[in-house]
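> I'll drop the sequence and a predicted model, then ask my questions.
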Amino acid sequence: MHLSAYFLPTLKETPAEAQIVSHRLMLRAGMIRQSSAGIYSWLPLGLRVLQNITRIVREEQDAAGCQEILMPTIQPAELWEESGRYDGYGKEMLRITDRHQRKMLYGPTNEELITDIFRHLIKSYRDLPKNLYQIQWKFRDEIRPRFGVMRGREFLMKDNYSFDLDFDGAKRSYDNMFATYLRTFSRLGLTAIPVRADPGAIGGELSHEFQILAETGESEIFYDAKFDELRAKGEQPDLETLKSLYAATDDEHDPAACPLPDDRLRAARGIEVGHIFYFGTKYSAPMGAVVTGPNGESITVEMGSYGIGISRLAGAIIEASHDDAGMIWPESVAPFKVGLINLRAGDKDCDGVCSDLYAKLRQAGVEVLYDDRDERPGVKFATMDLIGLPYQLIVGPRGVKQGVVELKRRESGEVEEHSADSALARLVPAPAAA
RNA sequence: CGGGGCGUAGCGCAGCCUGGUAGCGCAUCUGCUUUGGGAGCAGAAGGUCGCCGGUUCGAAUCCGGCCGCCCCGACCA
């Protein structure tokens, strides 16, 4: 992509409404634009990030044996009246009346809808277990939306729902998602702390939140210092180890009952990026989601639901990874892998080297944003630092004369001089061994 | 929803107290110069001052109502 043609409306000054760093940077980098409180348009750069997060979440869901579906955003109120949540959910739910005066709502979550699908289409124990997911926009009419996409009213969420014959099966599904979530967040460049949580409005008996640490987090969490040690080592420990470590939200944390000695107890703020629930027959019983068992008996299915806040993650990753100059994207979600900077657009030699690098990178399947604008070097560096691509490939008249280009890592700021070919070799992934 | 604040050009702001032809910086457009960390000079374009009503010869400014947005608190991915 040539930056001269790319829709990247960057801002030098910070809009007054943005208070936290991810919101400020997303606005300044032209990733999003607010439409109304808590509701955003995603511009090209932001959409690329959103799609990359979506892709990783989807790959991990598929790998875990889940199957993707897509449910409507608008739901009939009757289903919610059946489950008993229509009155219970409160003003957070956006209620709509259609032209026939039928009560509808914009879905804040989909337990009722998926249960309705299940009860009509799955009848036998032989069809279990099932785990269905979707990636769909939700709407919750938050009293006070804030922090940009981190707490919007409209947000993109991956939600999935497991159906099992009995508790043991449901527990396996729950553990499977637990492990899947850890892998997913790890691929997104994040260390998530699984925290025992209050099931809240979804209801149920067993629930974990996945929190990533950030000063601007909305919840206070208490956790075992071992998490910090694991994080520092960059290790991904096994499921049982993680589950055995203490971590709790402030309302679940009882200092008197806390098993940790004081010197191992840490308090920090966290951003909740995922939440998993086991809730048994909370929806299947009132809504009649039953299958016929091997002996002809009716079995009410055991359910769980699992959410990942995809649009929130875009903000959360920035909160976890930025510096004074801008964002620092992990390679897995970066909108482009490489920013190619032509320091002297219009100079024959610089243009030639850049065009060649650009073509070769694209040919190798490396996503590259080429700053070919007629701008001063300072502007180009500032833009590239702001949008936080993992690599900057810098081509200037000085280097070109000596046959070198510069390769800068955004994360560390370290710069290496390379010949064009050797820079390419660094950026193009080695072909998989045959 | 309770408490606080703010709506003036795309963005950041001044002007409002004390009513009298709407201003600054950035961004945008044109020309020239400049070119390794958000350039300089010259010029240009861009505003029903959130909306409705009132007071007044005259309202961005005073008064009333409404709307929107932000911040602090209780809810959530």
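Thanks, I have the structure now. What you see is a predicted model; the values in this text were computed from it and never measured. Numbering: from 1, shown residues only, chains lettered A, B, ... in the order given.

> the strands in the stretch 251-400 of chain A, which residues?
In the stretch 251-400 of chain A, the segments counted as strands under DSSP state E, counting those that start in this stretch are A:265-280, A:290-292, A:298-300, A:302-309, A:322-323, A:326-327, A:338-342, A:368-371, A:391-395.

> Would you single out the least confident of these?
Sorting these by mean pLDDT places strand A:265-280 lowest, at a mean of 90.

> For that strand, list the C-alpha coordinates in CSV.
The C-alpha coordinates for strand A:265-280 follow below in CSV (Å, rounded to 0.1, in the frame of the first residue of the first chain):
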residue,chain,number,x,y,z
LEU,A,265,0.3,-11.0,47.0
ARG,A,266,0.2,-8.4,44.2
ALA,A,267,-2.5,-5.9,43.5
ALA,A,268,-2.9,-4.3,40.1
ARG,A,269,-5.4,-3.0,37.6
GLY,A,270,-6.6,-5.2,34.8
ILE,A,271,-8.5,-5.0,31.6
GLU,A,272,-11.0,-7.8,31.2
VAL,A,273,-10.6,-9.2,27.7
GLY,A,274,-12.3,-12.5,28.1
HIS,A,275,-14.8,-14.2,30.3
ILE,A,276,-15.9,-17.8,30.5
PHE,A,277,-18.9,-19.3,32.2
TYR,A,278,-20.3,-22.6,33.1
PHE,A,279,-24.0,-22.3,33.9
GLY,A,280,-25.4,-25.8,33.7
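
> buried residues in that strand?
Neighbour counts over strand A:265-280 (16 or more other Cβ atoms under 10 Å) mark A:265-266, A:268, A:270-280 as buried. Placement of C-beta: from N, CA and C, glycine included.

> Tell me how many other residues crowd A:K226.
For A:K226, the count of nearby residues is 18 (other Cβ atoms under 10 Å).

> Please tell me how far it sits from A:K233.
11 Å (Cβ to Cβ, to the nearest Å).

> do A:L8 as well
37 Å.

> Tell me who's in contact with the closest residue to RNA strand B within the stretch 201-350 of chain A.
Relative to RNA strand B, the nearest point of the stretch 201-350 of chain A is A:G309 (2.7 Å; Cβ to the nearest atom of the strand). Applying Cβ atoms under 8 Å, 6 or more residues apart in numbering, we find A:G309 in contact with A:155-157, A:272-274, A:316.

> At the contact with RNA strand B, which residues of the stretch 51-200 of chain A appear?
When proximity is defined as Cβ under 7 Å from any atom of the strand, the stretch 51-200 of chain A approaches RNA strand B at A:92, A:140, A:142-147, A:150-153, A:155, A:157, A:198, A:200.

> Go again with 6 Å.
Within the stretch 51-200 of chain A, the positions adjacent to RNA strand B are A:92, A:140, A:142-144, A:146, A:151-152, A:155, A:157, A:200 by Cβ under 6 Å from any atom of the strand.

> and those, which are buried?
The neighbour-count test (16+ other Cβ under 10 Å) marks A:140, A:151-152, A:155, A:157 as buried among those.

> mind putting the residues of the stretch 51-200 of chain A next to RNA strand B in a markdown table, secondary structure, distance to A:P15 and pLDDT included?
Shown next, in a markdown table, are those (DSSP: H, G, I helix; E, B strand; the rest coil; distance: Cβ to Cβ, whole Å; pLDDT from 0 to 100):
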| residue | secondary structure | distance to A:P15 | pLDDT |
| --- | --- | --- | --- |
| A:E92 | helix | 27 | 85 |
| A:R140 | coil | 24 | 91 |
| A:E142 | coil | 20 | 86 |
| A:I143 | coil | 22 | 82 |
| A:R144 | coil | 18 | 83 |
| A:R146 | strand | 14 | 86 |
| A:R151 | strand | 17 | 90 |
| A:G152 | coil | 16 | 91 |
| A:F155 | strand | 20 | 94 |
| A:M157 | strand | 26 | 96 |
| A:G200 | helix | 32 | 59 |
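
> which residue packs closest to A:K158, ignoring adjacent ones?
Using Cβ to Cβ, 6 or more residues apart in numbering and skipping the chain neighbours, the partner closest in space to A:K158 is A:I308 (4.4 Å).
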